[in-house]
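J.: What shape does this take:
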Amino acid sequence: MLFGSAILLLAVACTDSGNGGTNGGVFSSGAGRAAVLTKTLSIGPRTRGAEYQFDRILDLLAMPDGTVWVLSADLAIDGKNSRVRIFDSTGQFVRQVGAYGKGPGEYEKPYGMARLADGKVAVRDNGFPERILLYESDGTSHADMITDGRTQWPKLGNFRWIPGGSEAIRSDTFGVVWLPFDPSEIHTDSGYTYSSRYVRVRPGGQFIDVVDSAELPMIPESRVTWTKVQSTGGGSVLGFSIPYQPHGDFALSPGAQFAVGRTDKYQIDVMDMQLVQDPTEHAPPTTPRVIRVIKRSAPTVRVSQAEQDSILAQWKRDEKRLRLDSLVTFPAPAKIKPPIVHFDYSDDGQLLVWVAQPSTLIEGKWVESQVVDVFDQTGNFTGRLNLPPRFSLKRLKGNTMWGVSTDKGSEVPERITIRW
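T.: Numbers count the residues shown, from 1 in each chain. Next up, the predicted model:
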């Protein structure tokens, strides 16, 4: 529910040495505009009732009528507490969508949602078999379709799905559903990167084709630090996460374009995949072309010595806890952060770029403030958002964003309005 009046969160002014605008398809950054963020809605946890309690929110989906769909799941293996719920524009519970099970309109492990071009909502279920459940905008069941590649699309071979909220299923403006699968790392003599593939299907389940994500730029091995772990007795090999390593990244837009780039430089190429919407088996492969390049100058963000010491101490604790003794070769922690953390597209095609910030020690953990650069659909820089503490952005459309805040261990869906 909405508690009291709207809450003014912050105002941010952006400055930059660029002039803005375009230059031969290359976009510089300009000064941008001031952003005022106002929290206009929080759903739970102060409201009593199980309908307003959330364990782990995987996805949020805002609808044109002002309602919001909330997909939540706990950490139970069987997923029986996974639920999809609808709330109205004031935060009041409307209904539960579907229920646990294998029947029509039921799900086992839902983990992503997308609004289709015809207004229906698709929910991706990671049960067995893998399914996509279609619901009307009011939450009533419409149809199910099986999308298990091992049975329906044997040409695809081994299906390894990518989990993760809105990234688990996408819908473009042509009415096509995109299902990502089979992520893999690629190592060559010149460096490393990773790629993903998408299955494109009609909402009715008709297979269209398989699309490789736009080729990601290689990261030279000299810029990447690897942790070497030896295996003993044929047992499993255990690695350690090394913070602030550069990597390739990509994002799929609602217009079926890919943004690709490296996190160690602030340059993002927007690719037109030139896809055929109704290809035949004999259709020639298309050649992606760069239609836009987005660049910004980025200041150097250093990793403090205190954080470096904390990273090393954590590695040593992990080594002792896992009884690896001297099997692990620990590198020196990074001294400088890559300028980009991650980028993605909003529901209406704005490009969102999370940029590196200095870390702050909060309750014993080093935390980066979430700062997001926003570019409009034509690539022009709009401005920069400083997201509230403990807020995870899930969706943005126009000047409204939805995300999840953490309040004393509980997750809370929140709506925030942006005024530039």
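J.: residue nearest the centroid of the protein?
T.: residue 167 (5.4 Å; CA atoms, centre = their mean).
J.: what secondary structure does that residue sit in?
T.: At residue 167 the chain is in helix, as set by DSSP: H, G, I helix; E, B strand; the rest coil.
J.: did I read that right, residue 316 in a helix?
T.: Yes. Assigned with three-state DSSP, residue 316 falls within a helix.
J.: distance of the spatially closest residue to it that is not a sequence neighbour from residue 73?
T.: With sequence-adjacent residues excluded and distances taken as CB to CB, 6 or more residues apart in numbering, residue 316 is closest to residue 330, at 7.9 Å. Glycine gets a C-beta too; all of them are placed from N, C-alpha and C. Residue 330 sits 35 Å away from residue 73, taking CB to CB, to the nearest Å as the criterion.
J.: Quick check on those two: which one has the bigger neighbour count.
T.: It is residue 73, of residue 330 and residue 73, that has more neighbours when counted by other CB atoms under 10 Å, with 21 against 16.
J.: So the more buried one is in contact with residue 111, correct?
T.: Yes. Using CB atoms under 8 Å, residue 73 is in contact with residue 111, at 7.0 Å.
J.: any shared contact partners between the two?
T.: Residues touching both residue 73 and residue 111 (CB atoms under 8 Å, 6 or more residues apart in numbering): residue 58.
J.: what's near enough to touch residue 176?
T.: Residues in contact with residue 176 (CB under 8 Å, 6+ apart) are 200, 201, 202, 208, 256, 277.
J.: if we go to 10 Å?
T.: By CB atoms under 10 Å, 6 or more residues apart in numbering, residue 176 lies in contact with 116-117, 170, 198, 200-203, 208-209, 211, 256, 275, 277.
J.: Across the sheet, point out what pairs with residue 143.
T.: Per DSSP bridges, the residues bridged to residue 143 are residue 134.
J.: Could I get the contacting residues of it?
T.: Per CB under 10 Å, 6+ apart, neighbours of residue 143: 104, 105, 120, 132, 133, 134, 135, 203, 204, 205.
J.: Am I right that residue 66 falls within a helix?
T.: No. With three-state DSSP as the criterion, residue 66 is located in coil rather than a helix.
J.: isn't it right up against residue 92?
T.: No. Checked against CB atoms under 10 Å, the pair residue 66 and residue 92 is beyond contact range at 11.2 Å.
J.: and those two? which has more neighbours close in?
T.: More neighbours surround residue 92 than the other of residue 66 and residue 92, with 15 against 12 (other CB under 10 Å).
J.: On the pLDDT front, check that one for me.
T.: Here, the pLDDT recorded for residue 92 equals 94.
J.: Can you give me the distance of it to residue 45?
T.: Taken as CB to CB, the span from residue 92 to residue 45 is 15 Å.
J.: so what's residue 359 closest to, chain neighbours aside?
T.: residue 366 (4.3 Å).
J.: Would you mind measuring from that neighbour to residue 358?
T.: For residue 366 relative to residue 358 (CB to CB), the value is 10 Å.
J.: what residues are shared contacts of those two?
T.: Taking CB under 10 Å, 6+ apart as the criterion, residue 366 and residue 358 both touch 303, 304, 307.
J.: residues in contact with the first one?
T.: Residue 303 sits next to 243-244, 310-311, 333-337, 356, 358-359, 366 when contact means CB under 10 Å, 6+ apart.
J.: My read is that residue 419 contacts residue 36, right?
T.: Yes. With contact defined as CB under 10 Å, residue 419 reaches residue 36; the gap is 4.5 Å.
J.: Return the member of the shared contacts of residue 366 and residue 358 nearest to residue 352.
T.: Closest to residue 352 out of the shared contacts of residue 366 and residue 358 is residue 303 (23.9 Å), distances taken as CB to CB.
J.: pLDDT wise, what is that closest one at?
T.: On pLDDT, residue 303 comes in at 96.
J.: do residue 211 as well
T.: pLDDT at residue 211 comes out at 82.
J.: One more: the one 10 residues further on?
T.: The pLDDT attached to residue 221 in the predicted structure is 61.
J.: before we move on, what about residue 112?
T.: The model reports residue 112 with a pLDDT of 89.
J.: Residue 377 should be in a strand, yeah?
T.: No. Counting by three-state DSSP, residue 377 falls outside a strand, being coil.
J.: what sits against it?
T.: Contacts of residue 377 (CB under 10 Å, 6+ apart): 253, 254, 255, 345, 346, 348, 349, 350, 351.
J.: so how far is residue 138 from it?
T.: To residue 138, residue 377 is 30 Å away according to CB to CB.
J.: got it, and residue 355?
T.: 39 Å.
J.: and those two? which has more neighbours close in?
T.: A count of neighbours by other CB under 10 Å puts residue 355 above the other of residue 355 and residue 138, at 24 against 13.
J.: where's that one relative to residue 386, distance?
T.: From residue 355 over to residue 386 the distance is 11 Å, taken as CB to CB.
J.: And for residue 90?
T.: Residue 90 is 27 Å from residue 386, where distance means CB to CB.
J.: Now do the end-to-end distance for stretch 68-81.
T.: By CA to CA, to the nearest Å, the extent of stretch 68-81 from end to end equals 19 Å.
J.: correction: stretch 64-83
T.: Across stretch 64-83, the terminal residues are separated by 21 Å (CA to CA).
J.: if we can go back for a sec, for residue 413, state which of the shared contacts of residue 366 and residue 358 is nearest.
T.: Looking across the shared contacts of residue 366 and residue 358 and measuring by CB to CB, the closest to residue 413 is residue 307, at 31.3 Å.
J.: helix/strand/coil for that closest one?
T.: helix.
J.: beta partners of the residue nearest to it when sequence neighbours are not counted?
T.: The shortest distance from residue 307 to any non-neighbouring residue, by CB to CB, 6+ apart, is to residue 366 (4.9 Å). Beta-bridge pairing of residue 366 under DSSP bridges involves residue 361.
J.: wait, residue 366 sits on residue 311?
T.: Yes. The pair residue 366 / residue 311 is scored as a contact, 8.2 Å apart, by CB under 10 Å.
J.: Mutual contacts of the two, please.
T.: With CB under 10 Å, 6+ apart, residue 366 and residue 311 have common neighbours 243, 303.
J.: what about residue 319, how many neighbours?
T.: By other CB under 10 Å, 16 other residues sit near residue 319.
J.: I'd assumed it was in a helix, is it?
T.: Yes. Secondary structure of residue 319 (three-state DSSP): part of a helix.
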